[in-house]
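[1] Here's my sequence, what's the structure:
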Amino acid sequence: MSSAIVKPVYLDCAATTPIDLRVRDRVMYFLDNEYGNSGSRTHELGMRARRAVEQARLQVASVVNAGRGEVIFTSGATESNNLAILGLAQHGIATGRRHLVSTQIEHHAVLEPLAMLAKQGFELTLVPPTRGGRVEAQAIRKAVREDTLLVSVMQANNETGVLQPIAEIANLLGGHSAYFHVDAAQGFGREFDELRHPRVDLISISGHKIFAPKGIGALIARRREGHRPPLTPLMFGGGQELGLRPGTVPVHLVAGLGLAAELAMAEAVVRKERCQTFRAGMMKAIQPLNPVVNGSVDHCLPNILNLSFPNLTAEAVMEALKESVAISDGSACTSSSMTCSHVLGAMGGEAAVAEGATRWSWCHQTVEPDWPRIVETLRDLMENFHGTSSVG
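    Got it, this is the predicted structure:
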């Protein structure tokens, strides 16, 4: 008789979330039953597919108080970031506005398109964060010049969970023509008010961060005084998605994203409370280990913690806990590079702390791991390192 395999508790929800079963059912329904092409308007299957896409567009738009016609479906936040940033380049060249402002702690899906424009003659200013991992709104505004085309600031950092002052930045940009882009991959469906600010022009989201499938996301391009942001497409070959994202619309994925967005809004309070309860229990359990929290605890998503343990590398922590929890060393998107986090480096932390940084991220569905076992395992690891125990 074989014993059941015990899986580690999944604590890497910042990398990707499990699909909500209700969302899965909707995806499968459109795969199995309503498989029409939303671009086919000559028969009922196509029309029903189109109605599903437009319903999803409304569901996504409602989260940020945008219009249905302001939602452009993409493959995810990385593509949305590229479309928002590179898509403005032609307008910047035509108007002589070749200055870009962002931060040193952005995801590479923002930093690399910005770097590409810098190679093409644009000037880039990257604003550093405070030691708590939060940029100052006034520092962003101070960096803005008369010829600034774009300001791009993430809503919540993917490594630390630290929330950025989006509404304050938006207020300070009032009266300036620069477009304001927010990479909301981590915060969309979790923190709402700041993304609803009418001065936020462009918002990038990913479905797989809110319990929808991988491979679907959106760019919300909000009208300002009746005009859309002047984006140029990156791909060509069809008129789908306002001509900005050609190709057959994946109706099943779009429908899944729409439902996931609706559920995120409807269940926001309960989900947040559960994440806060998990966080409080976790911090209480691991407190005897004297962990260092990397990032401001006063401005942080309730479902992400970036932790370093005294004298332990991230690799050692992950290896020791691999049977208990699934965690990552900083950003899972760049973990294969095995390089020190550019986020923690920008925050000015000690090298040893950065080397030991681990990201723990959960959701409202996450079950409690065996905290006493985790604490005992890490305590033993510290004792082996020191020869004597350094924790109580």
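[2] these two touch, right, Ile140 and Ile166?
    No: between Ile140 and Ile166 there is no contact under Cβ atoms under 8 Å: 10.2 Å. Where C-beta positions appear, they are placed from N, C-alpha and C, glycine not excepted.
[3] which residues are in contact with both of those two?
    Shared contacts of Ile140 and Ile166 (Cβ atoms under 8 Å, 6 or more residues apart in numbering): Val153.
[4] buried sites along the worst-scoring helix or strand of the chain on mean pLDDT?
    The weakest-scoring helix or strand in the chain, judged by mean pLDDT, DSSP states H and E, is helix 351-355 (a mean of 78). Of the residues in helix 351-355, Val353, Ala354, Glu355 count as buried by neighbour count, 16 or more other Cβ atoms under 10 Å.
[5] And the strands in the stretch 251-392 of the chain, which stretches?
    Here the stretch 251-392 of the chain has its strands, by DSSP state E, counting those that start in this stretch, at 292-293, 304-308, 325-326, 358-361.
[6] mind putting the ones you listed in JSON lines, mean pLDDT, mean neighbour count and distance to Ala218 included?
    Converted to JSON lines, those look like this (pLDDT from 0 to 100; neighbours: other Cβ atoms under 10 Å; distance: least, Cβ to Cβ, whole Å):
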{"stretch": "strand 292-293", "mean pLDDT": "94", "mean neighbour count": "14", "distance to Ala218": "32"}
{"stretch": "strand 304-308", "mean pLDDT": "96", "mean neighbour count": "25", "distance to Ala218": "22"}
{"stretch": "strand 325-326", "mean pLDDT": "97", "mean neighbour count": "20", "distance to Ala218": "28"}
{"stretch": "strand 358-361", "mean pLDDT": "97", "mean neighbour count": "26", "distance to Ala218": "22"}
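[7] of those strands, which approaches Gly187 most closely?
    Nearest to Gly187 among the strands of the stretch 251-392 of the chain is strand 304-308; the distance by Cβ to Cβ comes to 10.3 Å.
[8] Break the chain down into its domains, please.
    Listed by automatic domain parsing, the domain ranges of the chain are 9-18+268-386, 21-266.
[9] Pick out the shakiest of the ones you listed, pLDDT-wise.
    When the domains of the chain are ranked by mean pLDDT, domain 9-18+268-386 comes last with a mean of 90.
[10] Any chance you could list what contacts the helix or strand Arg26 falls within?
    Taking DSSP states H and E as the criterion, Arg26 maps to helix 21-32. Contact with helix 21-32 is made by 19, 49, 52, 211-213, 251-253, 255-256, 259-260, 263, as judged by Cβ under 8 Å, 6+ apart.
[11] Among these, which one sits closest to Asn290?
    Phe211 (34.0 Å).
[12] Just give the number of residues close to the residue lying closest to that closest one once chain neighbours are set aside.
    Leaving aside its sequence neighbours, Phe211 sits nearest to Asp20 (Cβ to Cβ, 6 or more residues apart in numbering; 3.9 Å). For Asp20, the neighbour count with other Cβ atoms under 10 Å is 20.
[13] among the domains of the chain, which is the most enclosed?
    Mean neighbours per residue, mean count of other Cβ atoms under 10 Å, is largest over these for domain 21-266, with a mean of 20.
[14] The host helix or strand of Glu79 - contacts with which helices or strands?
    Following DSSP H and E, one finds Glu79 within helix 77-86. Packing partners of helix 77-86 (3 or more Cβ pairs under 8 Å, 6 or more residues apart in numbering; DSSP states H and E): strand 71-74, helix 108-119, strand 148-152, strand 179-183, strand 202-206, strand 217-221.
[15] mind checking how far the third one is from the chain centre?
    What that stands for is strand 148-152. How far strand 148-152 lies from its chain's middle: 20 Å, per Cα atoms, centre = their mean, to the nearest Å.
[16] one step back: what's the least confident helix or strand of the chain packed up against?
    Counting by 3+ Cβ pairs under 8 Å, 6+ apart, helix 351-355 packs on strand 304-308, helix 342-346.
[17] Tell me the strands beside the first one, with direction?
    Strands flanking strand 304-308 in the sheet, each with its direction: strand 292-293 (antiparallel), strand 358-361 (antiparallel) (DSSP bridges).
[18] just so I know, which of the ones you listed lies nearest Asn303?
    Of all these, strand 358-361 sits nearest to Asn303, with 5.8 Å by Cβ to Cβ.
[19] ok now the closest one, how far from the chain's centre?
    How far strand 358-361 lies from its chain's middle: 14 Å, per Cα atoms, centre = their mean.
[20] who's in contact with that strand?
    Outside of strand 358-361, the residues within contact range by Cβ under 8 Å, 6+ apart are 11-15, 159, 161, 282, 303-309, 314, 317-318, 325, 327-332.
[21] contacting residues around Val375?
    By Cβ under 8 Å, 6+ apart, the contact set of Val375 is Ala285, Ile286, Pro288, Leu289.
[22] for Ile85, same thing?
    The contact partners of Ile85, by Cβ under 8 Å, 6+ apart, come to Leu100, Val110, Pro113, Leu114, Leu117, Leu150, Ser152, His181.
[23] Could you work out the most separated pair of those residues?
    So, the contacts of Ile85 by Cβ to Cβ: farthest apart are Leu117 and His181, at 12.7 Å.
[24] Dump the buried residues of helix 351-355 to JSON lines, plus distance to Cys275.
    Output for these, formatted as JSON lines (distance: Cβ to Cβ, whole Å):
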{"residue": "Val353", "distance to Cys275": "25"}
{"residue": "Ala354", "distance to Cys275": "25"}
{"residue": "Glu355", "distance to Cys275": "28"}
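[25] between these, which is nearest Ala77?
    Ala354 (24.7 Å).
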